[in-house]
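Visitor: give me a 3D structure for the following:
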Amino acid sequence: MDLKECSSNSLSFIGDAVFTLHVREYFIEHHYQSPGVLQRLCNGYNSAKGQTKVFTRLNDQGFFTEEELEIYKRGRNAIGHIPKNGDRQTYECASGLEAICGYLYLTDKERLSEFFEKVFEGGVRNE
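Guide: Numbers count the residues shown, from 1 in each chain. The predicted structure follows:
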């Protein structure tokens, strides 16, 4: 697959699925079983606000490569519809993070593992 031909929306689309799955696996592996608790904890990461917190934390740490930041910008700029309960900047940031995740999933599984190690340094509450 030539990722230069892959749209930013496609990268964000697959990245959303990969991110969601990894977050759910993380909490199941940490022995959370109650559906209500699982949903609340996962939302702390999988929501636009949660993903924005992750991006900001990792970016402040200098985690992302220049190439990954370019993918982020492509994903951030491709956002179209903004849900009623959010703001444009938050959803753009979340979409950009999802694009990075999708890109790493398709190109570099080792780097994807490093990414999720850093993501979950935020702990159960994504701090």
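
Visitor: ramachandran angles for residue 49?
Guide: phi -60, psi -40 (degrees, to the nearest 10).

Visitor: doesn't residue 90 make contact with it?
Guide: Yes: between residue 49 and residue 90 there is a contact at 6.0 Å, judged by CB atoms under 8 Å. Where C-beta positions appear, they are placed from N, C-alpha and C, glycine not excepted.

Visitor: can you pull out the helices in the chain?
Guide: Ranges of helices within the chain are 8-29, 35-46, 48-60, 66-77, 88-107, 109-119, based on DSSP state H.

Visitor: and of those helices, who's closest to residue 127?
Guide: Evaluated with CB to CB, the helices of the chain place helix 48-60 nearest to residue 127, the distance being 8.0 Å.

Visitor: the closest one packs against which elements?
Guide: Applying 3 or more CB pairs under 8 Å, 6 or more residues apart in numbering; DSSP states H and E, we find helix 48-60 packed against helix 35-46, helix 88-107, helix 109-119.

Visitor: if you set the cut-off to 10 Å instead, what comes out?
Guide: helix 8-29, helix 35-46, helix 66-77, helix 88-107, helix 109-119 (3 or more CB pairs under 10 Å, 6 or more residues apart in numbering; DSSP states H and E).

Visitor: pull out the buried positions in the longest one.
Guide: Pointing back at helix 8-29 there. Of all the residues in helix 8-29, those buried under the rule 16 or more other CB atoms under 10 Å are 8-12, 14-16, 18-19, 22-24, 26-27.
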